[in-house]
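**Student:** quick one, what's the 3D model for this:
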Amino acid sequence: MADTPADTGAYTDFAKAMSYGDYLQLDTLLSAQKPLSEQSDELLFIIIHQSTELWMKLVLHELGLAITGVREDRLQPALKNLARVGRIQAQMIQSWDVLSTMTPAEYSAFRDSLGRSSGFQSVQNRRIEFMLGNKQEAMIAPHRHDAALSSTLDEALRAPSLYDEAIALLARRGFAIEPAMLKRDFRAAHASNDSVRAAWLQIYRDPDRYWDLYQLAEKLVDVDDWFQQWRFRHMTTVKRIIGFKRGTGGTDGVGYLRRAVDITLFPELWDLRTEL
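**Tutor:** Here you go, the predicted structure:
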């Protein structure tokens, strides 16, 4: 006698009900991988980058909520958002381990199919960088041909970054922040400032008194740390697969990525550690 499933409800006809595949739009999602060559490894390359873009979409969502939380002095939900960003970053870093299973010969077999396309052109990655304060207007140039995309990036460039909002919060909490830091041109990247460093140093020297701000500072360091690790793994993976060839998007490849590793988003939070 055949075994009878304990939960026959799992075998319901979904013709008139929303299924798992319907909810996740899997037909659309799983049909979005369209290799341009006959090389089997191209599918790995596509899926890794598409997955990264999905994670970036979630990072943008969480960063937007965190920025609003800091602006409105609602730090507890903002801290949760930033903690989630950190866990997403950890997942993104691990994706390089999968991509690095591709050998130079395997990548070279389909690299020409990419044309000039490059991760350098990721609009979502650029928005994340701008929201975190790495403002470089020149980086919008590859997107000027698309009015909608360039408008989105221009808006992100002009808006205060997460760190700008944190500095404004310090001022509202009574710390002696230099007025120019609150009214500056937010299209420019943040430069280390003595008044900001002094405020954070005061917080770190008395964390019990400024506990929520202390937590915010550490979450910011977490985000900065994870992004540096992500950039480093990006660089080493590229170096492993293509060596010092130029990138498909026109950058100098590993050289460009190596310079990106040295970017520090929140300099005062790193500098003060020497003074503690």
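
**Student:** pLDDT below threshold where in this structure?
**Tutor:** Screening the chain residue by residue with the criterion pLDDT under 70, one finds the ranges 1-14, 249-250.

**Student:** end-to-end on stretch 28-37?
**Tutor:** By Cα to Cα, to the nearest Å, the extent of stretch 28-37 from end to end equals 21 Å.

**Student:** also stretch 89-109?
**Tutor:** When the termini of stretch 89-109 are compared using Cα to Cα, they are 30 Å apart.

**Student:** return the set of buried residues in that stretch.
**Tutor:** Under the neighbour-count criterion of 16 or more other Cβ atoms under 10 Å, stretch 89-109 has Gln89, Met92, Ile93, Ser95, Trp96, Leu99, Met102, Glu106, Tyr107, Ala109 buried. (Glycine included, C-beta is placed from N, CA and C.)

**Student:** quick one: which of the residues you listed sit in helices?
**Tutor:** Gln89, Met92, Ile93, Ser95, Trp96, Leu99, Glu106, Tyr107 (DSSP state H).

**Student:** show me the contacts for the last one.
**Tutor:** The contact partners of Tyr107, by Cβ atoms under 8 Å, 6 or more residues apart in numbering, come to Asp41, Phe45, Ile241, Ile242.

**Student:** tell me what the host helix or strand of the second one is packed against?
**Tutor:** Here Phe45 is covered by helix 41-71, with elements defined by DSSP states H and E. Of the remaining helices and strands, those touching helix 41-71 by 3 or more Cβ pairs under 8 Å, 6 or more residues apart in numbering; DSSP states H and E are helix 75-99, helix 104-108, helix 123-131, helix 162-172.

**Student:** switch to 6 Å and redo it
**Tutor:** Packed against helix 41-71, as judged by 3 or more Cβ pairs under 6 Å, 6 or more residues apart in numbering; DSSP states H and E, are the following elements: helix 75-99, helix 123-131, helix 162-172.

**Student:** out of these, which is closest to Gln215?
**Tutor:** Taking Cβ to Cβ as the criterion, Gln215 comes closest to helix 75-99 out of these, the separation being 5.6 Å.

**Student:** next, the angle helix 123-131 makes with the closest one.
**Tutor:** Between the direction of helix 75-99 and that of helix 123-131, the angle (axes from the mean of the first three to the mean of the last three Cα atoms, to 10 degrees) works out to 140 degrees.
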